[in-house]
Each structure stands twice: as C-alpha cells, then as structure tokens.
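Chemist: can you look at this prediction? I've put the sequence above it.
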Amino acid sequence: MFRVFFLCLIFLFPFGQSKASDCVVLVHGLARSEYSFSKMEHVLSDSGYVVVNNSYPSTKYAIDSLARKVIPTSIKECPDSSTIHFVTHSLGGILVRQYLSTDSLSTLGRVVMLAPPNNGSEITDELKDNILYEWINGPAGQELGTDSSSVPKSLGPVTYEVGIIAGTKTVNPILSTMLPNPDDGKVSVESTKLEGMKDHLEVPVSHTFILRKEEVINQVIHFLENGKFTSTD
C-alpha cells in the first residue's frame, strides 16, 4: 500500500525540475510571421516546453515601440513563475535586447539568437534611402544600419546567457556584395557577434531558412538545456 502511495506521489509531483516549468518565447524577424517559426514551435513543444509564438507588425513601428508592445504581451502568456527563455530570428533578437536593456525579468532563462544583426547590417546603410526598401521594411528596418543611428549598436553588451547561431550561406549574391564575408545574405557573421555572449556557432545555411534547419533546432534545444552548443563540448 505504501509503495503504491509513493508511486502516486512521484507521478503527481515529480522530483527535479521539469521542462513544463520552462516557457520559450519565439520572436520572429522583420517582415515575417509566426509561421516562420512553426517547425521550431512543434519541436520545442514535443520536447516538453511551453511555447509562445505570436505574429507582430514588424514593419509598422520602430524598434523601441515594437519591443514595448511585443515582448511583455508574449511574456504574459507564459505560466506563472515559469522560467522564460527566448529564441529569436533576425530583428527578434534586437527586440529582446531592447526590452531587456530597460526592463528586468526575474524569471529570465537563456536566449538563443538566430542570425541577429547585433551590430547592424551594411545592407541597410546602402538601401535605407531607397523608397522600396523603406516601404517593405518600415521604421524598424531603417534602424538596423551600422552608422550612428543604429539601434542594435547602441544597446551595449548583454549580462544574461546568450547563444548566437550565424549562417554562412547566401541565396542572394547581390545583397551579399554589400556585406563583409562570410554572410547569410542579410547579415555578416561578424555582425551577429555580441559582447557578453556565452557561445557562438556558424552553420552553412541562409538567413531565411536558418530557423527551419534541423541541425539548428537541435542546437537551440541544447543551448536552452546546457548553456552551450554541442560543437563546444
């Protein structure tokens, strides 16, 4: 009888920390939607995480406004007292940096950034005065350059655990001519790096598809669980 009671306790109140207490907030990139993270969302959910994956109007507002609108809304969807991790793509990483530069999060876990323009992108420098570029990318796109108006470069180092995965393959050779090599067609590998980051990994994939590659998804989960990528073991 005691043995049955003890097993019931284990089932109802498992010992140790469970992923069920961990929430992963996915933040997509510029001119993308929640669907770009659909594969990542499914794998993370199957791995036991609570996942929040919302679309947001990335081309309608400036970075600061987006950060104040998007990040708190997603955080509220996580279970109370859960550890909150972030997995971001491109502009999404800048929104998280912007938010955490002014707001503390006591339950913050780890952050994985995929192809983030942490030091801006030379493509913005070249094209931000182009009417078509501005129309497609909106106010936030205008703030992603490398000059004195660059929001990413103004945010400074990070003090939380960040892992960054950068792509080295391009499917847009024209845009790549505007970037230092190696690059992913939108952001150079060097620009993804960030003072204070805990780990950095390069993979042969383009900016657009980096968040759907199986190898990248596995590395994301490994960093969330261990604070490092597998290649650094």
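Modeler: Noted; the coordinates are in hand. Residues are numbered from 1 along each chain as shown.

Chemist: any idea how many residues pack against the residue nearest to I221 when sequence neighbours are not counted?
Modeler: Nearest residue to I221 in three dimensions, chain neighbours excluded: S47, at 5.9 Å (Cβ to Cβ, 6 or more residues apart in numbering). C-beta coordinates here come from the backbone N, C-alpha and C atoms, glycine included. Using other Cβ atoms under 10 Å, S47 has 16 neighbouring residues.

Chemist: please apply the same query to E41.
Modeler: E41: 19 surrounding residues under other Cβ under 10 Å.

Chemist: correct me if wrong: it contacts H28.
Modeler: No. In this structure E41 lies outside contact range of H28 using Cβ atoms under 8 Å: 10.6 Å.

Chemist: now V189: how far from S176?
Modeler: From V189 across to S176, the span is 12 Å (Cβ to Cβ, to the nearest Å).

Chemist: any shared contact partners between those two?
Modeler: Contact criterion Cβ atoms under 8 Å, 6 or more residues apart in numbering; residues bridging V189 and S176 by contacting each: D183.

Chemist: list the beta-bridge partners for the residue most central in space within the chain.
Modeler: With distances taken as Cα atoms, centre = their mean, T88 lies nearest the centre of the chain, 1.4 Å away. On the basis of DSSP bridges, T88 is bridged to V27, M113.

Chemist: and it, how far is that from N181?
Modeler: For T88, the distance to N181 equals 24 Å [Cβ to Cβ].

Chemist: repeat that for I217.
Modeler: I217 is 26 Å from N181, by Cβ to Cβ.

Chemist: what residues of whichever strand or helix holds I174 count as buried?
Modeler: Using DSSP states H and E, I174 falls within helix 173-176. In terms of neighbour count (16 or more other Cβ atoms under 10 Å), helix 173-176 has its buried residues at L175, S176.

Chemist: how about stretch 105-116?
Modeler: So stretch 105-116, judged by 16+ other Cβ under 10 Å, has buried residues L108, G109, R110, V111, V112, M113, L114, A115, P116.

Chemist: pLDDT of that stretch, averaged?
Modeler: Stretch 105-116 carries an average pLDDT of 97.

Chemist: gap between that stretch and the chain center?
Modeler: Computed by Cα atoms, centre = their mean, to the nearest Å, the chain-centroid distance of stretch 105-116 equals 7 Å.

Chemist: and it, end to end?
Modeler: From its first residue to its last, stretch 105-116 covers 21 Å (Cα to Cα, to the nearest Å).

Chemist: make 3 the first number, not 1, from now on.
Modeler: From this message on, residue numbering opens at 3, which makes the last subject stretch 107-118.
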